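Visitor: Predicted coordinates and the sequence they were generated for:
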Amino acid sequence: MDLVGIISSIKGAKISGNAGPEISGLAYDSRNVRKGDIFVAIPGFKTDGAKYVPQAIENGAAAVVVEKDMDLLEGITKIIVPNARVALAELAAAYYGYPARKLKMIGITGTNGKTTTSYLIESILRKAGHKVGVIGTVEARIEGRGIPLKLTTPESLELQELLADMVKEGVTHVVMEVSSHSLELHRTHGCEFEVAIYTNLTHDHLDFHGDMQSYFKSKLKLFEKLGKGFKKDVTGIVNVDDPYGKKVMTYIDGSILTYGIINNANLMASGFEIKLDSMSFNVEMFDGKFRIDTPLIGVYNAYNIMAAMLCGRAFKIPVNKVKEAVEEVKYVPGRFERVRAGQKFPVIVDFAHSPDSLQQLLETVKPLVKGKVILVFGCPGERDKAKRPIMGEIAGRLADFSFITTDDPHAEPPAKMIAQVEEGIKRIGAVSRKHYLAIEDRKTAIEQALHMAGDDDMVVIAGRGHEKFQDYNGVKIEIDDREVVREVIGKRSS
């Protein structure tokens, strides 16, 4: 591939050395460089990729992309760019033949609801006969076949490769969860969307963004770019009950569809009947009124369903197919997932890991339980520390008993994180063992919660959902909350 042809699209790029080497591939990890590759040196949070330029050259790099000038061996092409992440994204999109232009791209952003909404949209599109790819928190999928991912939205190089693979396999529509990190770090640069969906914005990821305004600005990037590139016929779908929703709409240069329960919108929901295993509600939209029956319970899931239905509308899918497809989604992995192992009391495993999601989860289940709500939860290390006491307060108010435990400690001492959660639970007077217990080992905490539960109680295990490993300072410890429940109940029954 001609390097000059790719680099010419990058604004502000300066090339020195051999301006026309044939390029065999791309890499941003020097360990993955092969002979003839371009190495893009990305300034990271813990280390600068520029430090690894010598290793990349030793491994055969024909060219390097850097943000700051540096001396290189003779014969190595040097490209200085204003932003290495943008350069990587543009190079990756060009290298893989701009796959996003060949696909109908749907982007979903917001603090909560992205994963469930993506599953619902996938069902709708498949019901309409389209071949669908999904990229998200749980995994990537091509027509239901799972592909493991390390990040909700992969780095731009892996993302463009994945999209190119989807094109090769005949995928026509891609549903992508677009995280605020990916938008801020330009991972989706080079992707153009037909539909962009805004779910909500609540306290989370402030360790990265600093404050809510910066967090919101990151989310806006998806809508600021909508319709500004190759694709012009675009639609923004917005939750108008969210305080930030109306502002999002001002950034959309295309059609706008809205949904809500409180504020007037194109699609509205009312008349909720919520049970432990099912929910029904009325929806009113362009095509009239009808009732939705779904096993996805909670008002927050009604919002997810409405967002998905409007996506179906944007692609002109008949409303009867949309309704059928929504109602066929029985569960989403790790999202209010019932674990049935022969026990009489319900056990729920949920990904709720932010204050708002934990509160909505507990407020949903509390009216459905005759006995106690027993909660197991923790907060991850090296992440938003401000939310820890807030989640402690929520647990103290809404759960009858809480087991405070670990999530992903990373390099942070678990006892320190647990103590910060305890600060919040103590603020509301839950200071005795009658209200909560701190147990560092997550498996033990789950086991204790299950042993405590009576037939009329409910055990809610929050924070990790579908995840199967805990990270202890880079060491992966295998633990799946759902499997722990099955193991503990199985031992009790045997």
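Guide: Right, received. Where do you want to start?

Visitor: C-alpha only now, for contacts and for neighbours.
Guide: OK.

Visitor: Can you tell me how far Phe272 is from Ser280?
Guide: Separation of Phe272 from Ser280 (C-alpha to C-alpha, to the nearest Å): 6 Å.

Visitor: the more surrounded of those two?
Guide: Set side by side, Phe272 and Ser280 show more neighbours around Ser280, with 20 against 15, by other C-alpha atoms under 10 Å.

Visitor: And the more buried one, which helix or strand is it part of?
Guide: Ser280 is part of strand 279-285, with elements assigned from DSSP states H and E.

Visitor: Spell out which strands sit alongside that strand in the sheet and which way each one runs.
Guide: Applying DSSP bridges, strand 279-285 is found paired with strand 267-274 (antiparallel), strand 288-294 (antiparallel).

Visitor: Buried residues of the shortest one, list them for me.
Guide: So that's strand 288-294. 292-294 (16 or more other C-alpha atoms under 10 Å).

Visitor: swap in the first one?
Guide: For strand 267-274, burial by neighbour count (16+ other C-alpha under 10 Å) applies to 267-270, 274.

Visitor: Would you mind putting the CA coordinates of that strand into CSV?
Guide: Output for strand 267-274, consisting of C-alpha atoms alone and laid out as CSV, is shown next (Å, rounded to 0.1, in the frame of the first residue of the first chain):
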residue,chain,number,x,y,z
LEU,A,267,-42.6,7.6,21.1
MET,A,268,-44.0,7.5,24.6
ALA,A,269,-44.7,4.8,27.1
SER,A,270,-47.3,4.5,29.9
GLY,A,271,-49.5,2.0,31.9
PHE,A,272,-46.7,-0.1,33.4
GLU,A,273,-47.3,-3.4,34.9
ILE,A,274,-44.1,-4.9,36.4
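
Visitor: Measure how far that strand is from the centre of its chain, please.
Guide: Mean-position distance between strand 267-274 and its chain equals 26 Å (C-alpha atoms, centre = their mean, to the nearest Å).

Visitor: Please tabulate the buried residues of strand 267-274 in JSON lines, including the columns distance to Ile108 and pLDDT.
Guide: As requested, the buried residues of strand 267-274 are arranged in JSON lines below (distance: C-alpha to C-alpha, whole Å; pLDDT from 0 to 100):
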{"residue": "Leu267", "distance to Ile108": "18", "pLDDT": "97"}
{"residue": "Met268", "distance to Ile108": "19", "pLDDT": "97"}
{"residue": "Ala269", "distance to Ile108": "20", "pLDDT": "97"}
{"residue": "Ser270", "distance to Ile108": "24", "pLDDT": "97"}
{"residue": "Ile274", "distance to Ile108": "26", "pLDDT": "96"}
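
Visitor: ok so, going back, distance to Val138 added to the strands paired with strand 279-285, as a markdown table?
Guide: Compiled in a markdown table, the strands paired with strand 279-285 are given as follows (distance: least, C-alpha to C-alpha, whole Å):
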| stretch | distance to Val138 |
| --- | --- |
| strand 267-274 | 26 |
| strand 288-294 | 21 |
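
Visitor: What's the local residue count around Val488?
Guide: Neighbouring residues of Val488 were enumerated by other C-alpha under 10 Å; the total is 18.

Visitor: list the buried ones in whatever helix or strand it lives in?
Guide: With the criterion set as DSSP H and E, the secondary-structure element containing Val488 is helix 481-493. In terms of neighbour count (16+ other C-alpha under 10 Å), helix 481-493 has its buried residues at 481-482, 484-486, 488-489.

Visitor: and what of stretch 313-330?
Guide: 313-314, 317, 319, 321-323, 325-329.

Visitor: what about the helices in the stretch 251-400 of the chain?
Guide: Assigned by DSSP state H, counting those that start in this stretch, the helices in the stretch 251-400 of the chain fall at 299-314, 319-328, 355-365, 387-398.

Visitor: can you pull the contacts of Ala94?
Guide: Ala94 makes contact with Ile6, according to C-alpha atoms under 8 Å, 6 or more residues apart in numbering.

Visitor: what's the answer for Glu184, then?
Guide: Neighbouring residues of Glu184 by C-alpha under 8 Å, 6+ apart: 218, 221.

Visitor: right, and Lys372 touches Asp457 too?
Guide: Yes - shown here, Lys372 and Asp457 form a contact pair, counting by C-alpha atoms under 8 Å, at 4.7 Å.

Visitor: between those two, who's got more neighbours?
Guide: When neighbours are counted by other C-alpha under 10 Å, Lys372 and Asp457 differ, and Asp457 comes out ahead with 21 against 18.

Visitor: where does the stretch 1-150 of the chain dip in pLDDT?
Guide: 1-5, 8-9, 19-20, 45 (pLDDT under 70).

Visitor: Show me the strands in it, by range?
Guide: 14-16, 25-27, 37-40, 63-66, 77-80, 104-109, 132-135, 140-142, 145-147 (DSSP state E, counting those that start in this stretch).

Visitor: out of the ones you listed, nearest to Ser180?
Guide: Ranking the strands of the stretch 1-150 of the chain by proximity to Ser180 (C-alpha to C-alpha) places strand 104-109 first, at 7.4 Å.

Visitor: Export only the CA atoms of that closest one, formatted as PDB.
Guide: Listed next in PDB are the C-alpha coordinates belonging to strand 104-109 (Å, rounded to 0.1, in the frame of the first residue of the first chain):
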ATOM      1  CA  LYS A 104     -25.300   0.700   7.800                       C
ATOM      2  CA  MET A 105     -23.700   1.900  11.100                       C
ATOM      3  CA  ILE A 106     -25.800   2.400  14.300                       C
ATOM      4  CA  GLY A 107     -24.000   4.000  17.300                       C
ATOM      5  CA  ILE A 108     -25.300   4.000  20.800                       C
ATOM      6  CA  THR A 109     -23.900   6.200  23.500                       C
END
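
Visitor: which secondary structure elements does that strand contact?
Guide: With contacts defined as 3 or more C-alpha pairs under 8 Å, 6 or more residues apart in numbering; DSSP states H and E, strand 104-109 has these neighbours: helix 114-127, strand 173-177, strand 195-198, helix 212-224.

Visitor: hmm, who's touching the longest one?
Guide: Contacts of helix 114-127 with the rest of the structure, by C-alpha under 8 Å, 6+ apart, involve 108, 131-134, 136-138, 173, 175-177, 199, 301, 304-305, 307-309, 311-312, 321-322, 325-326, 328-329, 332, 335.

Visitor: for that helix, which positions count as buried?
Guide: Applying a neighbour-count criterion of 16+ other C-alpha under 10 Å, the buried positions in helix 114-127 are 114-127.

Visitor: Let me have it in PDB, keeping just the CA atoms, if that works.
Guide: Coordinates of each C-alpha in helix 114-127 appear next as PDB, following Å, rounded to 0.1, in the frame of the first residue of the first chain:
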ATOM      1  CA  LYS A 114     -26.200   0.700  25.600                       C
ATOM      2  CA  THR A 115     -25.800  -3.100  25.800                       C
ATOM      3  CA  THR A 116     -29.500  -3.900  26.200                       C
ATOM      4  CA  THR A 117     -30.400  -1.500  23.500                       C
ATOM      5  CA  SER A 118     -27.900  -3.100  21.100                       C
ATOM      6  CA  TYR A 119     -29.400  -6.600  21.700                       C
ATOM      7  CA  LEU A 120     -32.900  -5.200  21.000                       C
ATOM      8  CA  ILE A 121     -31.800  -3.500  17.800                       C
ATOM      9  CA  GLU A 122     -30.000  -6.600  16.700                       C
ATOM     10  CA  SER A 123     -33.200  -8.600  17.100                       C
ATOM     11  CA  ILE A 124     -35.200  -6.000  15.200                       C
ATOM     12  CA  LEU A 125     -32.800  -5.900  12.200                       C
ATOM     13  CA  ARG A 126     -32.500  -9.700  12.000                       C
ATOM     14  CA  LYS A 127     -36.300  -9.900  12.100                       C
END
